[in-house]
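A.B. asks: Generate coordinates for the sequence data below:
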Amino acid sequence: MAQQEFVVRLDCTLDRLWERLGDPEVARERAATDSSGGTSTKRHEVIGDKVHVEYESTLPENWLPGAARRRMGRLPRVVRREEWSRDDSAVTGVMQVDVVGIDAQVEGSMRCESEGGGCVVRQNVVVVVPLPILGRIIEAAILHRIGEAAAQEMRCLE
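C.D. replies: Just a heads-up that it's a prediction; the model follows:
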């Protein structure tokens, strides 16, 4: 198991961040930050006081170590689901990622709070790949890339 907290500071208010999360065009902008160009927004719905977003992509080749890539016939498909909500003091979210083709579990939680005229996003992510030897290597590689991707995506919310 690999776990890490990623922190991104944004130059926007919580109101602006919440407004942007509810905009389907912003969901498409977030998908477009994927450098492989293969991420698409499959679902974006605002239901009551919750925002549901689902993205689908192929795991970018450079997210896996060479030894893991060589053992796979094709790159895994990734489905990421997010559910966001808001209260008086924060915007919060949960994330579930299914990596089809690898026995991997990825879960996360996000908390966005006002700070110094803007807001700060804290994303806690846990990656579990229960494979002997390669599991820890894959976990570390995926976790590192999630941090990079999260920082790029969150900038779309400013």
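A.B. asks: only C-alpha atoms for contact and neighbour calcs from this point on.
C.D. replies: Noted.
A.B. asks: Counting by contacts, list what the helix with the most length in the chain packs against.
C.D. replies: For the chain, the helix with the greatest residue count under DSSP state H is helix 134-155. Counting contacts by 3 or more CA pairs under 8 Å, 6 or more residues apart in numbering; DSSP states H and E, helix 134-155 packs against strand 2-10, helix 24-32, strand 118-128.
A.B. asks: Now do residue 124, the pLDDT please.
C.D. replies: We have a pLDDT of 96 for residue 124.
A.B. asks: I figured it was touching residue 2, is that so?
C.D. replies: No. Between residue 124 and residue 2 there is no contact under CA atoms under 8 Å: 10.8 Å.
A.B. asks: still on that earlier bit, could you export the longest helix of the chain as CSV, CA atoms only?
C.D. replies: These are the backbone C-alpha positions of helix 134-155, laid out as CSV (Å, rounded to 0.1, in the frame of the first residue of the first chain):
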residue,chain,number,x,y,z
LEU,A,134,6.0,-5.5,-8.6
GLY,A,135,3.1,-4.3,-6.5
ARG,A,136,5.0,-1.8,-4.5
ILE,A,137,6.8,-0.5,-7.6
ILE,A,138,3.5,0.0,-9.4
GLU,A,139,1.9,1.6,-6.3
ALA,A,140,4.7,4.2,-6.1
ALA,A,141,4.7,4.9,-9.8
ILE,A,142,0.9,5.4,-9.9
LEU,A,143,0.9,7.5,-6.8
HIS,A,144,3.6,9.8,-8.1
ARG,A,145,1.7,10.3,-11.4
ILE,A,146,-1.6,10.9,-9.6
GLY,A,147,0.0,13.8,-7.7
GLU,A,148,1.3,15.4,-10.9
ALA,A,149,-2.1,14.9,-12.7
ALA,A,150,-4.1,16.3,-9.7
ALA,A,151,-2.0,19.5,-9.6
GLN,A,152,-2.7,20.1,-13.4
GLU,A,153,-6.4,19.3,-13.1
MET,A,154,-7.0,21.5,-10.1
ARG,A,155,-5.6,24.5,-11.9
